[in-house]
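*Asks:* Give me a 3D structure for the following:
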Amino acid sequence: MAGDEPPGVSIARKAYAAFAERYDAIAPTKAHNALYERPATHALLGDVDGLDVLDAGCGSGIGTERLARGGARVSGFDITPEMLALARKRCEGLNVAFHDSDLSQPLDWLADESFDRVLSSLALDYVEHLQPVFREFFRVTRPGGQLVFSMGHPMRDWQDERARGGGTYFETNLWGMHWGGFGEPAPYVQSYRRPLAEIVNGLSESGWIIDRLVEPLPDSAMKRQDPGHFEELSKAPAFLCIRARRP
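*Replies:* Sure, this is the predicted structure:
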């Protein structure tokens, strides 16, 4: 159902704090993550060996660990303490520094032009206003560096009447649903549905040049693990993955 949260309450923190350990245990192999979004996003990121990478909205560190084991020097941050604790445990001994920070706020603890890559995997859906975030990502990225992110596909969400509520496609609205696949009680997660133009224009107006846009297809292994969702995702995408470049 669409709705509003009280000012100052992070919808991501509220949701993930309630099922952080279940998420951390299930997401590494859950089909939508392991066989759909994550391969597409990391393919856009490419080889990170020797690079400085920011993992923005790192969650429990699943992608962070992959970056660090790929040879990157990683800084990760998240707004949910329970997820950060899991991330620190997962990445113990690796070249990773974690911080408690909010995507919707200035990243003033990071210096200008600090990173070669910025990764934000399925985190921007919890931020109402994207352009300030894109500007901060631009600021902390070195010239020639890249931003890679994934988020809910605007048209997929628009087709779901739970997501669109009573508004129009052109509006940004807050909505929520109970997620399946993460055990009981099913977590209630809210996020923002927005038009594609808001994403694309927000990038370009922040200085980014879009390099690649991917509407991913599921990995063939998903057909065996989750045939129903494999068939659904083979017909229409659930997520959108974008790579942008700082000139």
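
*Asks:* Where does the prediction get shaky in the protein?
*Replies:* 1-9 (pLDDT under 70).

*Asks:* Report the contact partners of the residue nearest in space to the middle of it.
*Replies:* Central residue of the chain (C-alpha atoms, centre = their mean): residue 122, 2.0 Å from the mean position. Taking C-beta atoms under 8 Å, 6 or more residues apart in numbering as the criterion, residue 122 is in contact with 37, 57, 150, 151, 152, 239. Every C-beta, even on glycine, is put in place using the N, C-alpha and C of the backbone.

*Asks:* Let's see which of the residues you listed end up in strands.
*Replies:* 150, 151, 152, 239 (DSSP state E).

*Asks:* mind checking how far the last one is from residue 230?
*Replies:* In this structure, residue 239 and residue 230 are 14 Å apart, going by C-beta to C-beta, to the nearest Å.

*Asks:* Do a quick rundown of the helices in this protein.
*Replies:* Under the criterion DSSP state H, the chain contains helices at 11-17, 20-26, 31-32, 38-45, 62-69, 81-90, 130-140, 154-159, 161-164, 196-205, 222-225, 227-235.

*Asks:* Any chance of a markdown table for those, columns distance to residue 103 and mean neighbour count?
*Replies:* A markdown table is the format used below for the helices of the chain (distance: least, C-beta to C-beta, whole Å; neighbours: other C-beta atoms under 10 Å):
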| stretch | distance to residue 103 | mean neighbour count |
| --- | --- | --- |
| helix 11-17 | 8 | 19 |
| helix 20-26 | 17 | 18 |
| helix 31-32 | 21 | 20 |
| helix 38-45 | 16 | 20 |
| helix 62-69 | 15 | 22 |
| helix 81-90 | 13 | 19 |
| helix 130-140 | 6 | 20 |
| helix 154-159 | 19 | 17 |
| helix 161-164 | 20 | 15 |
| helix 196-205 | 13 | 15 |
| helix 222-225 | 29 | 15 |
| helix 227-235 | 26 | 14 |
